[in-house]
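Asker: coords please:
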Amino acid sequence: MQYSASNPQEFLACLDQDWRKETLIEIRKLIIDQGLKEIIEYKMLAFRDQEKTIFHLNAQKNYVSLYVGDHKKVDPSGALLKGLNMGKGCIRFKNTSDLSQSKIKEFIKETIKISSSGGDVGC
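Answerer: Numbering: from 1, shown residues only. I've put the predicted structure just below:
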């Protein structure tokens with residue numbers, strides 16, 4: 001879904017008060033805790049270091065999407081994303097996804113580490 005928001009606070013205010021907003025806020029906190037700057041890009045939340053955008057985050061109709069580029073470049077064995085639903089360039093979190101039982105925090109850290117050291121995580 002696309003939201004007409006000019007800043008992250010407006011974006012969050014546009015979201016329905018349901019599980020998608022709760023999940024998005026939880027993932028958002030994991031990313032912000034790693035020191036990335038939060039902006040709006042392509043009508044969704046974006047998170048960047050000093051040089052480039054690393055993640056995008058958005059609430060869709062039936063899931064929350066964390067856009068990461070090529071997740072296989074970060075987690076080739078699939079161990080960090082086991083049990084999560086992946087698409088081309090994104091990780092989908094559905095109503096049944098339990099973030100506390102996942103290794104998404106470790107995946108986020110590893111993605112930032114690779115990207116910040118000049119590695120390519122893009123599609």
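Asker: what ranges do the strands span in this structure?
Answerer: For the chain, the strands identified by DSSP state E occupy 37-41, 44-48, 53-59, 64-67, 85-87, 90-93, in order along the chain.
Asker: Which of the ones you listed comes out lowest on mean pLDDT?
Answerer: If you rank the strands of the chain by mean pLDDT, strand 85-87 sits at the bottom with a mean of 93.
Asker: can you pull the buried residues of that strand?
Answerer: By neighbour count with 16 or more other CB atoms under 10 Å, strand 85-87 contains no buried residues. Backbone N, C-alpha and C define where each C-beta goes, glycine included.
Asker: Tell me who's in contact with the residue nearest to the spatial centre of the chain.
Answerer: Among the residues of the chain, residue 66 comes closest to the average C-alpha position under CA atoms, centre = their mean, at 3.0 Å. Applying CB atoms under 8 Å, 6 or more residues apart in numbering, we find residue 66 in contact with 27, 55-57, 90-91, 93, 104.
Asker: Look up the residues forming beta bridges with the closest residue to it other than its chain neighbours.
Answerer: Leaving out its chain neighbours, the residue that sits closest to residue 66 by CB to CB, 6 or more residues apart in numbering is residue 91, at 4.6 Å. Beta-bridge partners of residue 91, counted by DSSP bridges, are residue 66, residue 86.
Asker: Sweet, I'm off.
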